[in-house]
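Asker: the following comprises the amino acid sequence and a computationally predicted model.
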Amino acid sequence: MSTESLPQVDTACWRLPEQTLLRPANASTHPPKILMLYGSLRERSYSKLLTLEAARLLQAMGAEVKVFDPLDLPQPDAAPDSHPKVQELRALAAWSEGMVWCSPERHGAMTGIMKSQIDWIPLSVGAVRPTQGKTLAVMEVSGGSQSFNAVNQMRILGRWMRMLTIPNQSSVAKAFLEFDEAGRMKPSAYFDRVVDVMEELIKFTLLTRDVAPYLVDRYSERKESAEALSQRVKQATL
């Protein structure tokens, strides 16, 4: 079917999806770059312990991992974006090819610390979208029975940040029972699920990182850009 039956379509911005463009000519060979965020400042933070356990798994799978420490990160709008911790977080977001977000569930939701980190990552910096097309895995810990409120909220945020959130996820119930005195996660079905999630994250990152710009390229934005360019050209000739 041609666009003749679609009078609403701007044919100048129309693109047929092409399978060949999903196969990069020169696939990247460097280790996947994964940024990890956690949502608690407690001395014995189970979201941090789970994040560090996941980081060990990712490193064993060949990834390069960086864990952001949210201590001293100001609340959004309480400091300029030139603040050193904000700059550190944004540089890590730009560096990464994938992310892991891990939050405690507090009052049925992710923590404010978790949300503040995400809020400091802008949707765009000039023409660059720091999170667009990057992969994302979400995890949560809770002090009581298993819940999925925090991971579900983070999935919504991941979509809003235009990230490729993987299908699998981890929710660790009664987290205080799942770690030993040294802070290492005990063998369990919960641990096995974390292995599953990190393995899936690596696979999706390897699969998509070289074609991410093509995967998230949008007709509406091509059309908007074309209209903006046309308007600038008209203004320049006045």
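Answerer: Nice, thanks for sending it over.
Asker: now do stretch 190-209, average pLDDT.
Answerer: Here stretch 190-209 scores 97 as its mean pLDDT.
Asker: buried set for it?
Answerer: Residues 190-191, 193-194, 197-198, 200-202, 204-206, 208-209 are the ones in stretch 190-209 that count as buried (16 or more other C-beta atoms under 10 Å). To be clear about C-beta, it is placed using only N, CA and C from the backbone, and glycine gets the same treatment.
Asker: reformat those residues as CSV; add distance to Ser45 and secondary structure.
Answerer: Formatted as CSV, the buried residues of stretch 190-209 follow (distance: C-beta to C-beta, whole Å; DSSP: H, G, I helix; E, B strand; the rest coil):
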residue, distance to Ser45, secondary structure
Tyr190, 17, helix
Phe191, 18, helix
Arg193, 20, helix
Val194, 16, helix
Val197, 19, helix
Met198, 19, helix
Glu200, 24, helix
Leu201, 21, helix
Ile202, 24, helix
Phe204, 27, helix
Thr205, 25, helix
Leu206, 30, helix
Thr208, 30, helix
Arg209, 30, coil
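Asker: any idea how far the residue sitting nearest the centre point of the chain is from Ser5?
Answerer: In the chain, the centroid-proximal residue (C-alpha atoms, centre = their mean) is Leu136; its distance is 3.8 Å. For Leu136, the distance to Ser5 equals 37 Å [C-beta to C-beta, to the nearest Å].
Asker: for Arg222, phi and psi?
Answerer: phi -60, psi -40 (degrees, to the nearest 10).
Asker: now do the same contact list for it.
Answerer: Neighbouring residues of Arg222 by C-beta atoms under 8 Å, 6 or more residues apart in numbering: 13, 15.
Asker: same thing with Phe68?
Answerer: Phe68 touches 35-37, 88-89, 92, 117, counting by C-beta under 8 Å, 6+ apart.
Asker: kindly report the same for Pro167.
Answerer: Glu200.
Asker: shouldn't it be within a helix?
Answerer: No. Going by DSSP: H, G, I helix; E, B strand; the rest coil, the assignment for Pro167 is coil, not a helix.
Asker: pull the distance from stretch 47-57 to the chain's centre.
Answerer: When distances are taken as C-alpha atoms, centre = their mean, to the nearest Å, stretch 47-57 is centred 16 Å away from the chain's centroid.
Asker: pLDDT of it, averaged?
Answerer: On average, stretch 47-57 scores 98.
Asker: where does pLDDT dip in this protein?
Answerer: 1, 126-128, 226-238 (pLDDT under 70).
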